[in-house]
Every structure is written in C-alpha cells, then in structure tokens.
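[1] Model the structure of this input:
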Amino acid sequence: MKEQSIVHIKVDYDEALQSKRDILSSERDFLRIIKRIKRYKLLRGEELNNRIKIQNKLKELNSNITKLNQTLPKVKLPNILKKKEEAKKKEIKEEKQSKIEIKEIHEDDDLERQLIEIQEKLRKLG
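    Predicted coordinates:
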C-alpha cells in the first residue's frame, strides 16, 4: 500500500464559523425544500383525486342529460325562431372570439411592461 499524505489546511476562526453557518443554512434550506416537495406531492395527489371525481360526475351528468333528451318529446321550432336562435349563436361566438383576442393582447402588454422594467433596472445597474 502506498502511504497517503495528510494535508492540513489552516482556517481562521472567523472563516470556520462562517463556513459552519453557510453549511447549516444550506441544510436548513434543503429541509425546507424537502418539506415543500412533500406538501406539493400531497396536494398534487388531492388534485388528481378531485379531477377524477369531477370527471366521473361529468360522465354521470352527461348520461343523465342523454336520458332526459331521449325521454322528452322533440320540439319543432318555426323557421323564424330558428333564424333568431342562429343569429344569437353567431353573436355569442363573435363575443367569445373578441374576448380571447383582448385577453391575448393584455397578456402581451403585460410581458412587454415587465421586459421594459427589467431593461430599466439593467440600465440603472450598468
């Protein structure tokens, strides 16, 4: 066997104390992270269970609606009412489309504003 040489490093008291503090704070941070990960897993499991319950309820509701539609008599609408109903559907569809476009524009503006703020902070620093 080869002889291993032992290396000694001199460390000041202040450096040793600061290193110990750093190690302890790192351990504390790791423990907090582990605690949050466990909490996240728990909440994620609950979320999945709730989604499954909601999905089952929606299937049940859909089957009930289908049964109800089969049970109820069919209603014949006059042509005038059909035209009004189609116009309402088109109007609702257009409103939804405009709301989606407005939301996309708002999100883009928010991102642009954040980007400008970051650029201003960088300009102040440099």
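
[2] Is there a neighbour count for residue 103? I'd like the number.
    For residue 103, the neighbour count with other CB atoms under 10 Å is 10. Heads up, the C-betas are built off the backbone N, CA and C, glycines and all.

[3] Likewise for residue 48?
    Neighbours of residue 48 under the rule other CB under 10 Å: 10.

[4] And the pLDDT at it?
    Note on residue 48: pLDDT of 96.

[5] ok, then the element right after the helix or strand containing it?
    For residue 48, the host element (DSSP states H and E) is helix 13-71. Per DSSP H and E, the first helix or strand lying C-terminal to helix 13-71 is helix 79-125.

[6] measure the residue nearest the centre of the chain to residue 50 for me?
    Closest to where the C-alpha atoms of the chain average out (CA atoms, centre = their mean) is residue 44, at 11.8 Å. Residue 44 sits 11 Å away from residue 50, going by CB to CB, to the nearest Å.

[7] Low-confidence stretches in the chain?
    For the chain, applying pLDDT under 70 flags the ranges 1-2, 105-108, 126.

[8] Okay, domains of it per the record?
    Split into domains by automatic domain parsing, the chain comes to 1-74, 76-126.

[9] Alpha carbons of stretch 50-64, as PDB, please.
    Taking Å, rounded to 0.1, in the frame of the first residue of the first chain, the C-alpha atoms of stretch 50-64 are listed here in PDB:
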ATOM      1  CA  ASN A  50     -60.600  15.700  -7.300                       C
ATOM      2  CA  ARG A  51     -60.200  15.700 -11.000                       C
ATOM      3  CA  ILE A  52     -61.200  12.000 -11.200                       C
ATOM      4  CA  LYS A  53     -64.200  12.800  -9.100                       C
ATOM      5  CA  ILE A  54     -65.200  15.700 -11.300                       C
ATOM      6  CA  GLN A  55     -64.700  13.600 -14.400                       C
ATOM      7  CA  ASN A  56     -67.000  10.900 -13.000                       C
ATOM      8  CA  LYS A  57     -69.600  13.400 -12.100                       C
ATOM      9  CA  LEU A  58     -69.500  14.900 -15.600                       C
ATOM     10  CA  LYS A  59     -69.900  11.500 -17.100                       C
ATOM     11  CA  GLU A  60     -72.900  10.900 -14.900                       C
ATOM     12  CA  LEU A  61     -74.300  14.200 -15.700                       C
ATOM     13  CA  ASN A  62     -73.800  13.600 -19.400                       C
ATOM     14  CA  SER A  63     -75.600  10.300 -19.300                       C
ATOM     15  CA  ASN A  64     -78.500  11.900 -17.300                       C
END
